[in-house]
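# sequence and predicted model, in that order:
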Amino acid sequence: MKNAVLHTPVLVREVMEGLEVKPGGRYIDSTVGTAGHAKVILDLSSPDGTLLGIDQDPQAVEVAQAMLQAYGSRVALVHDSFSRLAAIASEKDFVPADGVLLDLGVSSLQLEQSERGFSFQAEGPLDMRMDPHSRVSAELLVNTLTEQELAEVIARYGEEPKARAVARAIVRHRPIGTTTQLAEIVAQAIRRRSRLHPATRTFQALRIAVNDELDALSAVLPQAIDVLRKGGRLAVISFHSLEDRLVKQFMARESTDCICPPGMPGCRCGHQRTLVRLTRKPIRPSPAESSENPRSRSAKLRIAMKV
């Protein structure tokens with residue numbers, strides 16, 4: 001991995017403060033990537049803090065292994081989906097943990113390699129799989145879903161107002177095999193003048209669908225609570241509204257004792273809060289960070305503590 005493009009971690013200081021990283025702590029980076037956050041966690045938790053890193057991209061795990069080699073037995077890395085967080089943490093003896101980090105979205109390692117098919121800025125195969133061993137690729141969805149199914153995916157996951165027009169154009173031009181071919185078809189269908197490339201929302205939608213990202217996020221959040229000790233911290237960085245909305249609603253619900261519908265004469269759900277929200281509003285990158293790392297601009301960090 002000599003030529004790997006390393007992902008620049010966002011909101012590093014804010015994440016470390018939110019997790020309250022301290023010497024001897026046990027931390028889980030559920031999206032370890034190229035180990036940007038993980039390395040800082042290990043430095044701040046030295047000399048005996050430990051870290052479990054999880055990533056579904058085997059290439060990222062390979063890079064992280066090289067980046068964290070100097071930390072020796074303080075690090076355990078696993079190639080797997082974070083949707084299995086509780087099982088992995090138990091297998092690796094990381095329960096209870098002092099902190100869990102989720103840094104969502106796509107990394108520079110994935111975006112900058114055209115053969116991975118995540119970006120429309122360079123020609124590559126329509127892939128978009130974070131785990132290359134997964135069965136479903138973007139090419140499969142683009143060329144086999146019905147027009148109605150495509151429109152639903154693009155509208156739901158990309159929040160694209162012209163999803164039907166995009167789906168109609170895709171079906172009309174099938175088979176489609178490359179990122180640039182798809183981007184041109186989408187641009188012709190939308191014909192929208194904006195700083196945002198016309199294909200951005202469609203590519204986001206396909207990536208989310210290919211990797212089942214929202215269902216995986218829904219699955220991991222309650223598991224994160226389960227593996228944390230009392231007083232342990234959960235930090236989640238999201239990069240688009242669908243992710244942030246899901247995290248916000250989860251933290252709001254889990255910080256409330258009763259979640260019965262309004263108007264009920266008394267509590268019947270028996271729900272007890274498991275979290276205290278430490279950020280009512282998400283933490284955003286500073287102007288300086290946004291300028292230095294443009295990909296950080298859409299980042300939102302939410303932090304909660306287990307009670």
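Okay, I see it.
# what mean pLDDT does the helix or strand in which residue 167 is found get?
According to DSSP states H and E, residue 167 maps onto helix 163-173. For helix 163-173, mean pLDDT is 98.
# one more: stretch 72-91?
Rounded mean pLDDT across stretch 72-91 is 98.
# which residues of the stretch 201-307 of the chain score low on pLDDT?
For the stretch 201-307 of the chain, no stretch has pLDDT under 70.
# from the chain's centre, how far out does stretch 52-60 sit?
Chain-centre distance of stretch 52-60: 12 Å, with C-alpha atoms, centre = their mean, to the nearest Å.
# scratch that, stretch 202-216 is what I was asking about
A distance of 10 Å separates the centroid of the chain from that of stretch 202-216, by C-alpha atoms, centre = their mean.
# buried stuff in it?
Going by neighbour count (16 or more other C-beta atoms under 10 Å), the buried part of stretch 202-216 is 202-211, 213-214, 216. All C-beta atoms are positioned from the backbone trio N, CA, C, and that covers glycine.
# ok, so of those residues, who is nearest residue 166?
Using C-beta to C-beta, residue 202 comes nearest to residue 166 of the buried residues of stretch 202-216, at 5.6 Å.
# now the strands for the stretch 101-250 of the chain?
228-238 (DSSP state E, counting those that start in this stretch).
# show me where it has helices.
Taking DSSP state H, counting those that start in this stretch, the helices of the stretch 101-250 of the chain run over residues 108-111, 138-144, 147-158, 163-173, 179-190, 200-211, 213-227, 241-254.
# would you mind putting the buried residues of stretch 202-216 into JSON lines with distance to residue 26 alongside?
JSON lines is the format used below for these (distance: C-beta to C-beta, whole Å):
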{"residue": "202", "distance to residue 26": "41"}
{"residue": "203", "distance to residue 26": "37"}
{"residue": "204", "distance to residue 26": "34"}
{"residue": "205", "distance to residue 26": "36"}
{"residue": "206", "distance to residue 26": "36"}
{"residue": "207", "distance to residue 26": "32"}
{"residue": "208", "distance to residue 26": "31"}
{"residue": "209", "distance to residue 26": "34"}
{"residue": "210", "distance to residue 26": "32"}
{"residue": "211", "distance to residue 26": "27"}
{"residue": "213", "distance to residue 26": "26"}
{"residue": "214", "distance to residue 26": "28"}
{"residue": "216", "distance to residue 26": "23"}
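# which pair in the residues you listed has the greatest spatial separation?
Spatially, the most separated pair among the buried residues of stretch 202-216 is 202 and 216, at 20.7 Å (C-beta to C-beta).
# domains for the protein, by residue range?
Here the domain parsing of the chain from automatic domain parsing is 12-109+213-306, 115-211.
# by contact count, what packs against the helix holding residue 167?
Applying 3 or more C-beta pairs under 8 Å, 6 or more residues apart in numbering; DSSP states H and E, one finds that helix 163-173 contacts helix 147-158, helix 179-190.
# select, out of these, the one closest to residue 90.
Within the helices and strands packed on helix 163-173, the stretch nearest residue 90 is helix 147-158; the backing value is 31.3 Å (C-beta to C-beta).
# and the closest one, what does it pack against?
Looks like helix 147-158 contacts helix 138-144, helix 163-173, helix 200-211 (3+ C-beta pairs under 8 Å, 6+ apart).
# buried stuff in that helix?
Neighbour-count burial for helix 147-158 flags 150-155, 157-158 (criterion: 16+ other C-beta under 10 Å).
# and what of stretch 168-187?
Buried, per 16+ other C-beta under 10 Å, within stretch 168-187: 169-171, 176, 178-187.
# swap in stretch 90-110?
For stretch 90-110, burial by neighbour count (16+ other C-beta under 10 Å) applies to 92, 94-95, 97-110.
# repeat that for stretch 14-31.
Buried positions in stretch 14-31, judged by neighbour count with 16+ other C-beta under 10 Å: 14-16, 18-21, 25-31.
# next, the distance between the ends of it.
Terminal residues of stretch 14-31 lie 17 Å apart, using C-alpha to C-alpha, to the nearest Å.
# what do you get for stretch 115-132?
11 Å.
# hmm, who's touching that stretch?
Contacts to stretch 115-132, defined as C-beta atoms under 8 Å, 6 or more residues apart in numbering, come from residues 56-58, 81, 106, 110-114, 136-139, 142, 176-180, 182-183, 197, 199-200, 203, 206-207, 210-211.
# could you redo the last one with a cut-off of 7 Å?
For stretch 115-132, contacts defined as C-beta atoms under 7 Å, 6 or more residues apart in numbering pick out 56-57, 106, 110-111, 114, 137-139, 142, 176-180, 182-183, 197, 199, 203, 206-207, 210-211.
# can you name the farthest residue from the center of the protein?
residue 265 (39.3 Å; C-alpha atoms, centre = their mean).
# many thanks, we can stop here.
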